[in-house]
Each structure stands twice: as structure tokens, then as C-alpha cells.
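Novice: fold the following, please.
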Amino acid sequence: MLRNLLALRQVTQRTISTAPRRHWQNKVAEKQKLFQEDNGIPVHLKGGVTDALLYRVTMFLTIGGTAYAIYQLALASFPKKQN
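Specialist: Below you'll find the model as predicted:
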């Protein structure tokens with residue numbers, strides 16, 4: 001029983017570790033140069049095509065959702081006539 005508890009403790013210490021298993025190259029300096037550049041592009045679009053696509057999808061969903069909510073409110077405000 002004690003042996004099982006010690007083994008469990010060892011497994012949990014190994015799996016819940018804050019140390020990174022793989023070492024990636026630090027790209028923070030490159031990203032800072034990219035985002036601090038004064039080239040007239042808004043910050044939310046400086047990431048490239050992916051950022052532009054995400055921005056457009058978000059704006060479409062926001063405007064579409066607002067229009068749909070207004071439509072549903074207008075539909076609910078006028079009750080249907082009973083025949």
C-alpha cells in the first residue's frame with residue numbers, strides 16, 4: 001500500500017511539472033519589432049493574413065448577430081394575429 005502511494009506521488013510530480021519539455025527559440029524580440037514598427041497598419045492587423053481574416057470574421061459575426069437580434073426583437077414586439 002505504501003509502495004503504491006509513493007509510486008503515485010512520483011507519477012504526479014512528473015506529470016505536473018512547470019519545466020518545459022521542449023525548448024523552442026524565443027521569438028519575443030522579433031514580434032516586438034514587428035508590432036512596434038510605425039508603418040500605418042493598426043496593431044490588430046500587423047500579424048498578417050491570419051489577423052486580417054480573424055478581424056473580418058469577427059466583424060461579420062458581430063454585425064450579423066446584432067442585425068439578427070434586432071430582427072428577433074422586432075418580430076417579438078408585434079404579436080401574430082389570431083384567426
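
Novice: got a list of what the residue nearest the centre of the chain touches?
Specialist: The central residue of the chain, meaning the one whose C-alpha is nearest the mean C-alpha position (CA atoms, centre = their mean), is residue 54 at 10.0 Å. With contacts defined as CB atoms under 8 Å, 6 or more residues apart in numbering, residue 54 has no neighbours. In short, each C-beta sits where N, CA and C put it, glycine included.

Novice: show me where pLDDT drops low in this structure?
Specialist: Within the chain, the segments meeting pLDDT under 70 span 11-21.

Novice: what ranges do the helices span in this structure?
Specialist: 2-15, 28-36, 49-77 (DSSP state H).

Novice: got TSV for those helices, with distance to residue 83 too?
Specialist: Converted to TSV, the helices of the chain look like this (distance: least, CB to CB, whole Å):
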stretch	distance to residue 83
helix 2-15	67
helix 28-36	62
helix 49-77	19
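
Novice: for residue 42, find the nearest of these.
Specialist: Taking CB to CB, helix 49-77 is the member of these nearest to residue 42, at 9.0 Å.

Novice: that older thread, quick check: which of the helices of the chain is nearest to residue 22?
Specialist: With CB to CB, the closest approach to residue 22 among those belongs to helix 2-15: 15.7 Å.

Novice: for the residue nearest to the centre of the chain, give its distance to residue 34.
Specialist: Applying CB to CB, to the nearest Å, one obtains 17 Å for the distance of residue 54 from residue 34.

Novice: now residue 79
Specialist: To residue 34, residue 79 is 56 Å away according to CB to CB.

Novice: of these two, which one has the most company?
Specialist: Comparing residue 79 with residue 34 by other CB atoms under 10 Å, the one with more neighbours is residue 34, at 13 against 7.

Novice: quick check, the more buried one in contact with residue 46.
Specialist: Yes: under the criterion of CB atoms under 8 Å, residue 34 is in contact with residue 46, at a separation of 6.1 Å.

Novice: what is the neighbour count of residue 2?
Specialist: Other residues within reach of residue 2 by the criterion other CB under 10 Å amount to 6.
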